[in-house]
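A.B. asks: have a look at this prediction, sequence included:
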Amino acid sequence: YLLLFMMIFVYGQSVTKMVMSEKSSKLVEVLLTSVQPYALIAGKIMAVASIAIVQLLGWLVLGCAGFFAGNVAAEHIYPDYQNYVFLITDMIKESGTGFSVQSMILAVLMTILGFFLYCVWAGFIASMVDRVDDVSTAMSLFQIPAMAGFMMSYIGSLLESDLLVKISEYIPITSPFIMPADVLLGKASFAGGLVSFVLLAVFTLGMIFATGKIYKNKIFYRK
């Protein structure tokens, strides 16, 4: 939860500032005469999101490399050493579908798509703001759904409310925070994860088209 939350806040601000600053450029008006607005806004957002995802994957690869290297070193130093992370992982695998290859792939893809959704939301808010001076207002409007999505998923798990957790797994603003972990640990079925992923993808596409339309209308001062 926390890693995705931090990435959304750090890189969401970059998307907001980029979209707002480029709205005042005359070059954007020229581009919009030959490029679809949703394609233009999606390209801008994907540029920032791709950098963030590559950086995150780099951290994960280095973290995993350090973890396995440390495990090998510990086994050489202490022959009877047991890594409790591996023990817990094996227990989850034996008890259900947790940590299967397909669940890990789905969890990664859904996390990436969820991060992209919030980047699109940042662009959506920025496209509605006319002045760069209103960036603080735009950031507050961007932060509210992100905080609400994070808190809803966290509170549901904390209160051990199965109903709230199930609802959170399928709502687009909350599912990126909770469904990847539930699929990975076997708490949610793979089929349920696919349904949640499709809902998230459809909602993200809708946001892209809406953002592109507002972005173009604001630039050309059309209602």
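C.D. replies: Received, thanks.
A.B. asks: can you pull out the helices in the chain?
C.D. replies: With DSSP state H, the ranges of helices along the chain come out as 2-22, 26-32, 37-77, 84-95, 101-128, 135-158, 162-168, 175-185, 190-219.
A.B. asks: ok, how many other residues are close to the nearest residue to residue 155 once chain neighbours are set aside?
C.D. replies: Nearest residue to residue 155, sequence neighbours excluded (C-beta to C-beta, 6 or more residues apart in numbering): residue 164, at 7.2 Å. All C-beta atoms are positioned from the backbone trio N, CA, C, and that covers glycine. Residue 164 has 18 neighbours, counted by other C-beta atoms under 10 Å.
A.B. asks: what residue ranges in the chain score low on pLDDT?
C.D. replies: Within the chain, the segments meeting pLDDT under 70 span 1, 22-27, 29-32, 84-99, 130-138, 156-157, 219-223.
A.B. asks: circling back: looking at the helices of the chain, which one is packed in the most?
C.D. replies: Across the helices of the chain, averaging neighbours per residue (mean count of other C-beta atoms under 10 Å) puts helix 175-185 on top, at a mean of 25.
A.B. asks: what about dumping the CA coordinates of that helix to PDB?
C.D. replies: Coordinates of each C-alpha in helix 175-185 appear next as PDB, following Å, rounded to 0.1, in the frame of the first residue of the first chain:
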ATOM      1  CA  SER A 175      -8.400  -1.600  -6.000                       C
ATOM      2  CA  PRO A 176      -4.800  -0.800  -6.900                       C
ATOM      3  CA  PHE A 177      -4.000  -0.600  -3.200                       C
ATOM      4  CA  ILE A 178      -5.600  -3.800  -2.100                       C
ATOM      5  CA  MET A 179      -6.200  -6.200  -4.900                       C
ATOM      6  CA  PRO A 180      -2.600  -6.900  -5.900                       C
ATOM      7  CA  ALA A 181      -1.700  -7.900  -2.400                       C
ATOM      8  CA  ASP A 182      -4.900 -10.000  -2.000                       C
ATOM      9  CA  VAL A 183      -4.300 -11.900  -5.300                       C
ATOM     10  CA  LEU A 184      -0.600 -12.400  -4.400                       C
ATOM     11  CA  LEU A 185      -1.400 -13.800  -1.000                       C
END
